[in-house]
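**Student:** No sequence on hand, only this structure:
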């Protein structure tokens, strides 16, 4: 990140926490995090908040609300849209460069939309928060090592490693059909061990926290059935050595 960008680098915490930064800016911002305790604390708080809100319990609407809303639809006039003047619209500035309050507000909107789980999912909320804290600790570790490699089918994969913990991040992967998914593997002398099904790719980046890894291990990414496989069934689209 060039010196000319330092005046607004601190406003990128919300965009970073929601994985909305382009690859080059993400890596530059991670370098900034190593020298900025206030941004590290802010990112950790935003990531933890997103994890809690994403699996928050939601109360069902009263049974009579649907009937009441439907009965009034035909009598309630729609409010006319408010059109802003063109000179007031700052379309040339990306949303993630707006003040932190805007980024934090967007984070809140995104995560509240996920809060439709039952109260029995509270343990998942705790697990998600712990995972978010672990990911943040690895990314912000001053002794972290990083390696990036292109994916053969498109996109790239990055691993950030600190001690025996690592974070895998992939972006720009081609979107798979609904019955297929990307699956991550830890590869050692004994073979390939599943680290979980990550998703279908496309516009959404994929991320996974990994424990108990060694510098001699490799991470492999394959295309598998959507439910996952016990062992790789296709040629890996990525084999990424752990950073030395």
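**Tutor:** Thanks, I have the structure now. Given the structure is predicted, the values throughout are model-derived calculations rather than measurements.

**Student:** From now on I want contacts and neighbour counts done on CA atoms only, so please keep to that.
**Tutor:** Fine.

**Student:** Sticking with residue 147, tell me its helix or strand.
**Tutor:** strand 145-150 (DSSP states H and E).

**Student:** buried set for that strand?
**Tutor:** Using 16 or more other CA atoms under 10 Å as the test for burial, strand 145-150 gives 145, 146, 148, 150.

**Student:** Skip the chain neighbours and tell me the closest residue to the last one.
**Tutor:** The spatially closest residue to residue 150, leaving aside those adjacent along the chain, is residue 156, at 4.1 Å (CA to CA, 6 or more residues apart in numbering).

**Student:** Please apply the same query to residue 152.
**Tutor:** Using CA to CA, 6+ apart, the closest residue to residue 152 is residue 237 (5.1 Å).

**Student:** my read: that neighbour touches residue 221, true?
**Tutor:** Yes - counting by CA atoms under 8 Å, residue 237 touches residue 221, with 5.8 Å between them.

**Student:** Between these two, which is the more surrounded one?
**Tutor:** residue 221 (25 against 16; other CA atoms under 10 Å).

**Student:** ok, now how distant is the more buried one from residue 152?
**Tutor:** 10 Å (CA to CA, to the nearest Å).

**Student:** which neighbours do these two share?
**Tutor:** By CA atoms under 8 Å, 6 or more residues apart in numbering, residue 221 and residue 152 have these common neighbours: 237, 238.

**Student:** circling back to that earlier point, from the rest of the structure, what touches the helix or strand just after the strand holding residue 147?
**Tutor:** Remark: after strand 145-150, the chain's next helix or strand is strand 156-162, criterion DSSP H and E. Residues outside strand 156-162 that contact it (CA under 8 Å, 6+ apart): 138-139, 141, 143-151, 166-173, 238, 240, 242-243.

**Student:** Quick check: the residue lying closest to residue 138 once chain neighbours are set aside vs residue 180, distance?
**Tutor:** Of all residues not flanking residue 138 in the chain, residue 162 sits nearest, at 5.7 Å (CA to CA, 6+ apart). Here residue 162 is placed at a distance of 31 Å from residue 180 (CA to CA).

**Student:** Next: residue 207.
**Tutor:** For residue 207 relative to residue 180 (CA to CA), the value is 17 Å.

**Student:** so how far is residue 26 from the closest residue to residue 183 other than its chain neighbours?
**Tutor:** Closest residue in space to residue 183, ignoring its immediate chain neighbours: residue 197 at 4.3 Å, by CA to CA, 6+ apart. Here residue 197 is placed at a distance of 24 Å from residue 26 (CA to CA).

**Student:** Look at those two and report which has more neighbours.
**Tutor:** residue 197 (23 against 17).

**Student:** And what about residue 35, helix, strand or coil?
**Tutor:** Counting by DSSP: H, G, I helix; E, B strand; the rest coil, the backbone at residue 35 sits in coil.

**Student:** Quickly list the domain ranges of the protein.
**Tutor:** 3-59+94-140, 145-241 (automatic domain parsing).

**Student:** how about TSV for these, with mean pLDDT added?
**Tutor:** Below are those laid out as TSV (pLDDT from 0 to 100):
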stretch	mean pLDDT
domain 3-59+94-140	64
domain 145-241	93
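
**Student:** what does stretch 204-212 contact?
**Tutor:** 19, 131, 134-135, 164-173, 195, 198-199.

**Student:** Among the residues you listed, name the ones in strands.
**Tutor:** Among these, the members falling in strands (DSSP state E) are 165, 166, 167, 168, 169, 170, 171, 195, 198, 199.

**Student:** that older thread, show me what contacts the residue nearest to residue 152?
**Tutor:** Residue 237 neighbours (CA under 8 Å, 6+ apart): 151, 152, 153, 220, 221, 222, 223.
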